[in-house]
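Chemist: sequence-free structure coming up:
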């Protein structure tokens, strides 16, 4: 400002670019995920052919009635492992493929099993025991199975990292059960819900971080992006459910809670 030929002040304009930078980082991360997805899909397709051949030739050999019992047992083992590898490849293809959001009747136990097959080998390598405590009578829920797989995989990855950070052998427990609790949507009436409880024996979550772990871009890891749990929390909310985290005496418990009724 000019007052009688003298500078009377300075006008400054400041802009907060924090949100813009966050969006740019999110875009870069999304592009990386897309590239990784294409790579995984390509590798999975290439693995399908040899796995199909192994399984097919093994089944042909098993038709030989003159096989010794020990050879037959070995061939059955080869065939079982080939089919297991094929299921893992199929799960990789499903996870890497882009899908429009959809709602189908799904069994949470089945989705958890399929997702676990993607991480089972690495969990064994890192000396992490997995305990499955599934409710065999678990009701179905209406959800997008691919989005649920993304949530579950994020929870498994977090548990894996927490156990690895603590060091030594660890344990990951995946438990499903039915819960009956009142919700705002049910006007205080008890509503049936399916729950997946993911418990680990890792380092736990610091009290100062417990209320922020679902915030976008909030991370305590050196190379973390801070989107995994945020996306998982958002998917749970979009399905009319919720994702809750709490510390236990031996680690951390994440609870994925979903309604058993159809979502409008």
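Modeler: That came through, no problem. These numbers come from a predicted model, not from an experiment.
Chemist: Now do the strand or helix carrying residue 235: which elements does it pack against?
Modeler: When secondary structure is defined using DSSP states H and E, the element that contains residue 235 is helix 228-238. Packing partners of helix 228-238 (3 or more CB pairs under 8 Å, 6 or more residues apart in numbering; DSSP states H and E): helix 145-166, strand 242-247, strand 252-259. In this view, the C-beta of every residue, glycine as well, is placed from N, C-alpha and C.
Chemist: what comes into contact with it?
Modeler: By CB atoms under 8 Å, 6 or more residues apart in numbering, the residues outside helix 228-238 that reach it are 101, 144, 147-148, 150-151, 154-155, 157-158, 213-218, 242-243, 245, 256-258.
Chemist: Give me the packing partners of the host helix or strand of residue 124, helices and strands only.
Modeler: Assessed by DSSP H and E, residue 124 sits inside helix 108-125. Under the contact criterion of 3+ CB pairs under 8 Å, 6+ apart, helix 108-125 touches helix 69-96, strand 128-133, helix 145-166, strand 170-182, strand 190-200.
Chemist: how far off helix 145-166 does the first one point, in degrees?
Modeler: Going back to what we said before, that points to helix 69-96. In this structure, helix 69-96 runs at an angle of 110 degrees to helix 145-166, with axes from the mean of the first three to the mean of the last three CA atoms, to 10 degrees as the basis.
Chemist: Sketch out the low-pLDDT regions of the stretch 51-200 of the chain for me.
Modeler: 90-101, 182-190 (pLDDT under 70).
Chemist: one step back: now the helix holding residue 235: mean pLDDT?
Modeler: The pLDDT scores in helix 228-238 average 83.
Chemist: got the angle between it and strand 242-247?
Modeler: Using the same axes, to 10 degrees, helix 228-238 lies at 140 degrees relative to strand 242-247.
Chemist: Flag every buried residue along helix 228-238.
Modeler: For helix 228-238, burial by neighbour count (16 or more other CB atoms under 10 Å) applies to 228-230, 232-236.
Chemist: Equivalent analysis for stretch 51-62, please.
Modeler: Neighbour-count burial for stretch 51-62, with 16+ other CB under 10 Å as criterion, is recorded at 51, 54-55, 58.
Chemist: Burial check on residue 162, number of neighbours?
Modeler: 19 (other CB atoms under 10 Å).
Chemist: Understood, closing this out.
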